[in-house]
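>>> Prediction below, plus the sequence it came from.
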Amino acid sequence: MLKGEFDHSVKVMVGHNTNKGLVFTSPTALSETGYSSFIKQVFPEIRPEVSEYITKVLYPPPPPIYNGSYGYTSPVQRVSLGISDLVFVCNADYLNWAFHNKTYGYLFSVPPALHGQDEAYTFFNGQDASVANVTVVLAMQDYITSFVETGVPKSSLGPAFEEYGEQNGLLNLGLSEISAILDPTAHARCRWWQKGEYYNG
């Protein structure tokens with residue numbers, strides 16, 4: 001994708017959940033030693049200086065970093081964010097970049113917004129008690145089906161779904177409202193992950 005070797009005529013709508021990485025966060029990775037071991041386990045051939053860059057620069061520990069300035073306020077959130085970036089969120093960014101931001105992006109933020117939680121909303125047929133807001137369900141289904149049919153997501157139950165564009169805009173599907181927001185993803189981290197330096201043994 002980085003080289004542009006794909007069908008550029010494809011229409012793209014991409015989304016992710018707020019807390020994608022949380023369910024994959026191991027309690028053993030919360031200490032500094034545990035976090036370093038976790039990185040080594042995920043990337044067995046990683047060079048020590050690259051591992052240190054991940055744990056000290058991309059997702060640095062306190063003090064005083066747990067003040068939210070890096071996107072997390074606890075060890076759990078720190079590890080979860082790294083997993084979310086690497087496995088899920090940055091992949092959405094890569095698609096946006098590859099198509100020059102002429103994509104549609106959404107963020108599913110209905111609490112707790114874990115990995116897979118949006119499936120109950122996507123495929124809701126009136127039978128799932130885990131769904132907290134049926135209006136969000138119906139709007140989400142409208143956006144998806146209209147995108148499949150026409151290439152442009154629309155719903156009478158929510159605001160206009162604008163392209164990701166140069167402003168990095170997302171449609172936020174939240175518990176109490178559906179609204180346009182700026183993408184909270186830290187693009188600098190995703191740009192680093194895209195280089196693939198963690199694969200160079």
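Nice, I can see it.
>>> now could you export just the CA positions of the lowest-mean-pLDDT helix or strand in the chain as CSV?
Taking mean pLDDT, DSSP states H and E as the measure, the helices and strands of the chain show their lowest mean at helix 187-195, namely a mean of 91. Output of helix 187-195 as CSV, limited to C-alpha atoms (Å, rounded to 0.1, in the frame of the first residue of the first chain):
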residue,chain,number,x,y,z
HIS,A,187,-0.3,10.4,13.1
ALA,A,188,3.4,10.7,14.0
ARG,A,189,3.3,7.3,15.7
CYS,A,190,1.5,5.7,12.8
ARG,A,191,4.1,7.1,10.4
TRP,A,192,6.8,5.4,12.5
TRP,A,193,5.0,2.1,12.6
GLN,A,194,4.5,2.2,8.9
LYS,A,195,8.2,2.1,8.3
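>>> Return the set of buried residues in that helix.
189-190, 192-193 (16 or more other C-beta atoms under 10 Å). Backbone N, C-alpha and C define where each C-beta goes, glycine included.
>>> next one: stretch 118-128 to chain centre, how far?
Its chain's C-alpha centre lies 20 Å from the corresponding centre of stretch 118-128 when counted by C-alpha atoms, centre = their mean, to the nearest Å.
>>> which ones are touching residue 104?
The contact partners of residue 104, by C-beta atoms under 8 Å, 6 or more residues apart in numbering, come to 12-14, 147, 153, 161-164, 171.
>>> And the contacts of stretch 27-34?
Stretch 27-34 is contacted from outside by 26, 35, 37-38, 55, 61, 75-76, 79, using C-beta under 8 Å, 6+ apart.
>>> let's see 6 Å
Residues lying outside stretch 27-34 but in contact with it, judged by C-beta atoms under 6 Å, 6 or more residues apart in numbering, are 35, 38, 61, 75, 79.
>>> Would you format the residues you listed as a markdown table with neighbour count and secondary structure included?
Compiled in a markdown table, the contacts of stretch 27-34 are given as follows (neighbours: other C-beta atoms under 10 Å; DSSP: H, G, I helix; E, B strand; the rest coil):
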| residue | neighbour count | secondary structure |
| --- | --- | --- |
| 35 | 22 | helix |
| 38 | 20 | helix |
| 61 | 14 | coil |
| 75 | 19 | helix |
| 79 | 25 | helix |
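>>> and of those, the nearest to residue 22?
Ranking these by separation from residue 22, with C-beta to C-beta as the measure, puts residue 79 on top at 9.0 Å.
>>> So that closest one sits against residue 25, correct?
Yes - using C-beta atoms under 6 Å as the test, residue 79 is close enough to residue 25 to be in contact (4.8 Å).
>>> Based on its surroundings, how many neighbours for the residue lying closest to residue 12 once chain neighbours are set aside?
Among residues not flanking residue 12 along the chain, residue 103 sits closest, at 4.3 Å (C-beta to C-beta, 6 or more residues apart in numbering). Taking other C-beta atoms under 10 Å as the criterion, the count of residues near residue 103 is 19.
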